[in-house]
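1. sequence and predicted model, in that order:
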Amino acid sequence: MTQELVLVVIKMIVVFAVALLVVAYLTYFERKIIGHMQLRLGPMRVGPHGLLQPIADGLKLFVKEDIVPHDSDRWTFYFAPILNLVCALVLLAVIPFSYNFMVTRLNIGVLYILSLASVGTIALLLAGWSSGSKYPILGGLRSAAQIFSYEIFLGFSIMGVLMISGSLDLVKIVEAQSKVWNIVYQPVAFVVYIIAALGELNRTPFDLPEAETELVAGFHTEYSGFKFAYFFLAEYANMIIVSCMAVILFLGGWKGPVLPGIVWFLIKMCAFFYFFIWVRATFPRYRYDQFMRIGWKIMLPVTLANILVTGIVMMLV
């Protein structure tokens, strides 16, 4: 029992340490990729080809003055970014990077991820409310409405996969794709999942809670220093989670020829990172009414129809 506990702790340290390093360098790769897409160079000054820029940015944020607005709710103002980051990081505990490498295995892994992701939404609402300023609270309310709405479509989009797999265990979902990936059976659900994931992440073109032209920076307008860094890290950590879940649910997880399973998993995950960055460099921001209309008038009926068709096909076959 002691050896098992030590092994779990070692895996947890490795996963969290690597995740934080990846999160830091995701910002670098995003800036470089978008720069080249727009015929710019991106970061170039700190280190060779700007490779040390994430470290410089991190040090700058952690030594900057920590400003707390006079009208803020001080304890909630401090607590919100910590809650947001913790909710993002603990989700990594159930991600199976290969059959033998995961921090822990739960037979309700999908439910665990959906539940804790919802708690992270509360952190954004608390951040906006506790700032004591009109722009952050508008951003917080937008964020809550947006994420709660798109969580419904996200949950419905994976129902077909769960019906086919017959389990909430992430490992069993991957094992069920030994012959054919779920994207073949559930292409509509995959498209809806990607759109809903962009809404969940507050990423372009659905970055409405942080709309600079309307809300300055949304729910984190009044945050500075290390507290702002926590929000930044949480956003990119959530990108990792969403990408991992897409790989597990639709692209066969670690399944692939020749190369080790964890290598295939990381290759597929990086493809999603690139897709999210490409979308940011390509599409303009939606208006809020357009965004909500897409969700409730298009994505909801489509996901419900997909569940119905999946059930009928499973009964007939």
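-> That came through fine. Residues are numbered from 1 along each chain as shown.
2. switch to C-alpha atoms for all contacts and neighbour counts from now on
-> Noted.
3. next SSE after the helix or strand harbouring Ala281?
-> Per DSSP states H and E: Ala281 is located in helix 261-282. Heading C-terminal from helix 261-282, the first helix or strand you meet, by DSSP H and E, is helix 288-293.
4. pull out the buried residues from that next one.
-> Phe291, Met292 (16 or more other C-alpha atoms under 10 Å).
5. related to what we said a few turns ago, mind giving me the packing neighbours of the helix holding Ala281?
-> Here helix 261-282 touches helix 2-37, helix 225-250, going by 3 or more C-alpha pairs under 8 Å, 6 or more residues apart in numbering; DSSP states H and E.
6. how far does it sit from the chain's center?
-> 12 Å (C-alpha atoms, centre = their mean, to the nearest Å).
7. show the average pLDDT along that helix.
-> Helix 261-282 shows a mean pLDDT of 88.
8. same deal with stretch 222-230?
-> 80.
9. please state the offset of that stretch from the chain centre?
-> 19 Å.
10. who touches that stretch?
-> 58, 60-69, 78, 81-82, 84-85, 131, 133, 136, 220 (C-alpha atoms under 8 Å, 6 or more residues apart in numbering).
11. could you list the buried residues of stretch 17-25?
-> Those would be Ala19, Leu20, Val22, Val23, Ala24, Tyr25, for stretch 17-25 by 16+ other C-alpha under 10 Å.
12. contacts only, for the first one.
-> Neighbour list for Ala19: Ala237 [criterion: C-alpha under 8 Å, 6+ apart].
13. shift numbering so it begins at 99
-> Sure thing, new numbering starts at 99, so read that last one as Ala117.
14. ok, back up a step: any chance of the buried residues of stretch 115-123 in TSV, plus pLDDT?
-> TSV is the format used below for these (pLDDT from 0 to 100):
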residue	pLDDT
Ala117	81
Leu118	80
Val120	83
Val121	83
Ala122	82
Tyr123	86
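15. let me know the closest of these to Met390.
-> Val121 (29.1 Å; C-alpha to C-alpha).
16. that closest one: what's it in contact with?
-> Applying C-alpha under 8 Å, 6+ apart, the residues near Val121 are Leu331, Tyr334, Ala335.
17. please repeat the previous calculation with a cut-off of 10 Å.
-> By C-alpha atoms under 10 Å, 6 or more residues apart in numbering, Val121 lies in contact with Ala115, Pro152, Phe330, Leu331, Ala332, Glu333, Tyr334, Ala335, Asn336, Met337, Ile338.
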